[in-house]
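Visitor: return a 3D structure for these sequence lines:
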Amino acid sequence: MELSVTRRQLEFIRSTARETLFGGAAGGGKSYAQLIDALLFAMKYPASRQLILRRTFPELKRSLIQVSLTLYPKEWGTYGESNHLWTFRNKSLIEFGFCDSENDVTKYQSAEYDVIRFDELTHFTEFQFTYLLSRIRGTNGYPKQVKASTNPGGVGHSWVKSRYIDVLTPGEEKDGKLFLPAKVQDNTFLMRSDPEYVERLQLLDARSKKALLYGRWDLFEGQYFEEFSPDIHICRPPDMPDWWRRYLAIDYGLDMLAALWIALAPDGTAWVYREVYQSGLIISEAAEAICQAETGEETIFQRLAPPDLFNRRQETGRSAVDIFAEHGLFFDKAMGERIPGWYAVKEYLHPYFDEQGIRTARLKISPACKNLIRTLPMLAADAKNPNDTANTPHELTHAPDALRYFAGTIRPEGTPWNPDAYDKEVGAFLSYQR
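Guide: Numbers count the residues shown, from 1 in each chain. Take a look at the predicted model:
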């Protein structure tokens with residue numbers, strides 16, 4: 001049997017990393033590489049066990065299973081329709097499985113596999129992935145691996161990006177993980193047999209085209225802040241004179257303190273120049289972390305906290321802001337309404353051309369603010385209310401919420417939010433967006 005693969009597919013097949021992700025543009029030959037790699041592993045290691053997963057069975061049947069039936073030699077093994085299992089003459093097994101709901105992973109709780117292969121990894125939740133990692137085990141001495149392939153987008157986009165894209169240099173193994181970017185142009189077989197495929201991808205909307213044609217991981221289906229662009233919004237702050245107004249906006253809970261320091265330039269540009277992002281802090285510890293972050297030379301014009309931190313606890317009669325005040329930090333109430341606040345963030349992010357014809361925006365984020373940079377573009381729209389952001393994964397919401405409190409309260413020209421005119425302002429926001 002003669003098998004033809006591309007250079008990138010061969011890199012995937014040869015990878016001995018504990019975890020390998022082959023991801024990026026559509027049409028890169030990722031699923032085909034999975035099937036070829038699975039077959040070669042099965043032939044090399046007698047009585048080995050592998051699991052190939054898709055999120056739903058219809059996806060599995062019309063793609064991987066169908067291709068395997070035409071690709072795998074019948075004289076080498078047989079496929080069982082009822083158990084979705086290839087059984088080879090050397091007793092190796094390749095099982096096709098799916099996890100339609102999050103708890104479907106428990107049906108594999110007693111299984112053992114040498115390799116688990118995820119096709120479209122971003123369709124799986126992080127819980128499903130980490131649970132299934134525990135099923136990779138055995139005493140046969142064979143390699144134990146995860147091999148995954150995917151396009152950007154889907155419910156797992158955020159955690160996949162954090163686990164592989166953000167921390168790995170493409171093509172270089174680190175800590176047992178390897179990321180191999182996929183481009184449609186890498187698939188020379190597809191380019192020869194269907195040269196119009198790229199032209200069809202060019203017809204997609206701008207976001208889908210960037211994700212599926214170019215393999216961009218900073219854009220995905222359902223992304224709330226499509227305006228975010230690292231080239232425009234991430235930049236080292238200038239020397240900021242003392243007379244620029246500086247603000248502190250926080251989102252606080254025991255699960256996370258997210259604090260952002262923002263300087264407002266005369267032209268209305270907001271420079272996010274410092275962050276504190278730390279979990280497990282009681283209020284006094286959070287106050288200490290904030291005080292340690294601030295330099296003695298800067299003057300904070302206004303500190304902003306969400307309305308819930310002003311609520312007094314029945315048992316103590318004190319609010320969170322009262323305790324902050326005891327440590328020398330005095331907060332004003334931020335505008336806490338979600339949708340007008342997110343719209344205000346969008347206004348700050350919205351690109352425009354300055355007088356020199358340079359594309360810019362009224363929000364700039366220092367590279368030092370890594371958590372805001374990481375989480376802001378990862379926020380997805382709420383499936384039930386696309387005007388709002390989703391509350392999950394919750395870890396992504398803290399730093400953007402702090403930014404929302406600032407943006408909803410302080411307009412680009414520095415005009416503070418007027419709570420007495422709240423209803424009028426909300427109506428103006430919603431009317432403007434329509």
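Visitor: using CSV, list the CA coordinates for stretch 245-261.
Guide: Below are the C-alpha coordinates for stretch 245-261, written out as CSV (Å, rounded to 0.1, in the frame of the first residue of the first chain):
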residue,chain,number,x,y,z
ARG,A,245,-5.8,61.8,34.7
ARG,A,246,-5.2,58.3,36.0
TYR,A,247,-7.9,55.9,37.0
LEU,A,248,-8.1,52.5,38.8
ALA,A,249,-10.9,50.1,37.9
ILE,A,250,-11.3,46.8,39.7
ASP,A,251,-13.4,43.7,39.5
TYR,A,252,-13.1,41.9,42.9
GLY,A,253,-14.1,38.5,44.3
LEU,A,254,-12.4,35.9,46.2
ASP,A,255,-11.9,34.0,43.0
MET,A,256,-10.0,36.9,41.4
LEU,A,257,-8.9,40.5,41.9
ALA,A,258,-8.6,42.2,38.5
ALA,A,259,-7.3,45.7,38.8
LEU,A,260,-6.5,48.0,35.8
TRP,A,261,-4.7,51.3,35.9
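Visitor: which of the residues in that stretch are buried?
Guide: The neighbour-count criterion (16 or more other Cβ atoms under 10 Å) identifies 246-253, 256-261 as the buried residues of stretch 245-261. (Glycine included, C-beta is placed from N, CA and C.)
Visitor: looking at those residues, which two lie furthest apart in space?
Guide: Comparing every pair within those by Cβ to Cβ identifies Arg246 and Gly253 as the most remote, at 24.1 Å.
Visitor: so where do the strands sit in the stretch 151-300 of the chain?
Guide: With strands called from DSSP state E, counting those that start in this stretch, the stretch 151-300 of the chain shows them at 177-182, 245-253, 256-264, 270-278.
Visitor: what's the closest of these to Lys107?
Guide: Lys107 lies closest to strand 177-182 among the strands of the stretch 151-300 of the chain, at 26.8 Å (Cβ to Cβ).
Visitor: about what we covered before: distance to Asn391 and mean pLDDT added to the strands of the stretch 151-300 of the chain, as TSV?
Guide: Supplementary listing: the strands of the stretch 151-300 of the chain in TSV, determined by distance: least, Cβ to Cβ, whole Å; pLDDT from 0 to 100:
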stretch	distance to Asn391	mean pLDDT
strand 177-182	29	89
strand 245-253	13	97
strand 256-264	14	97
strand 270-278	18	98
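Visitor: can I get these in TSV with distance to Thr125?
Guide: Output for these, formatted as TSV (distance: least, Cβ to Cβ, whole Å):
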stretch	distance to Thr125
strand 177-182	19
strand 245-253	23
strand 256-264	20
strand 270-278	23
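Visitor: out of those, nearest to Gln145?
Guide: The closest approach between Gln145 and any of the strands of the stretch 151-300 of the chain, judged by Cβ to Cβ, belongs to strand 177-182 at 10.3 Å.
Visitor: contacts for the closest one, please.
Guide: Applying Cβ atoms under 8 Å, 6 or more residues apart in numbering, the external contacts of strand 177-182 come out as 8, 11-12, 15, 17-25, 28-30, 149, 163-165, 167-172, 215.
Visitor: now, which of those residues lie within helices?
Guide: Using DSSP state H, the members of the contacts of strand 177-182 that fall in helices are Arg8, Glu11, Phe12, Lys30.
Visitor: about what we covered before: what's the ChimeraX line that selects buried ones from the contacts of strand 177-182?
Guide: One line in ChimeraX is enough to select the buried ones among the contacts of strand 177-182; burial here means 16+ other Cβ under 10 Å:
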select :8,11,12,15,17,18,19,20,21,22,23,24,25,28,29,30,149,163,164,165,168,215
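Visitor: who are the packing partners of the helix or strand harbouring Lys147?
Guide: Counting by DSSP states H and E, the secondary-structure element that holds Lys147 is strand 145-150. Contacts defined by 3 or more Cβ pairs under 8 Å, 6 or more residues apart in numbering; DSSP states H and E place strand 145-150 against strand 19-24, helix 30-44, strand 115-119.
Visitor: tell me the centre residue of this structure?
Guide: If you average the C-alpha coordinates of the chain and look for the closest C-alpha using Cα atoms, centre = their mean, you land on Ser158, 1.9 Å from that point.
Visitor: show me the contacts for that one.
Guide: Remark: with contacts taken as Cβ under 8 Å, 6+ apart, Ser158 is in contact with Met378, Pro393, Leu396.
Visitor: tell me the contacts of the last one?
Guide: By Cβ under 8 Å, 6+ apart, the contact list for Leu396 reads Ser158, Thr375, Met378, Leu379.
Visitor: next up, phi/psi of the closest residue to it other than its chain neighbours, please.
Guide: Excluding the flanking residues, the one nearest Leu396 by Cβ to Cβ, 6 or more residues apart in numbering is Thr375, at 4.5 Å. In terms of degrees, to the nearest 10, the main-chain angles of Thr375 are phi -90, psi -30.
Visitor: Thr375: neighbouring residues, count only.
Guide: 22 (other Cβ atoms under 10 Å).
Visitor: returning to that earlier point: tilt between the strand holding Lys147 and helix 7-14?
Guide: Following axes from the mean of the first three to the mean of the last three Cα atoms, to 10 degrees, one obtains 150 degrees for the angle between strand 145-150 and helix 7-14.
Visitor: alpha carbons of strand 145-150, as PDB, please.
Guide: The C-alpha coordinates for strand 145-150 follow below in PDB (Å, rounded to 0.1, in the frame of the first residue of the first chain):
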ATOM      1  CA  GLN A 145       0.000  10.300  23.300                       C
ATOM      2  CA  VAL A 146      -2.700  12.800  22.500                       C
ATOM      3  CA  LYS A 147      -2.900  13.800  18.900                       C
ATOM      4  CA  ALA A 148      -5.300  16.500  18.000                       C
ATOM      5  CA  SER A 149      -6.400  18.500  15.000                       C
ATOM      6  CA  THR A 150      -8.600  21.500  14.700                       C
END
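Visitor: is it true that Pro340 touches Gly408?
Guide: Yes. Using Cβ atoms under 8 Å as the test, Pro340 is close enough to Gly408 to be in contact (5.9 Å).
Visitor: these two: who's more crowded?
Guide: Neighbour comparison, Pro340 and Gly408: the larger count goes to Gly408, with 25 against 22 (by other Cβ under 10 Å).
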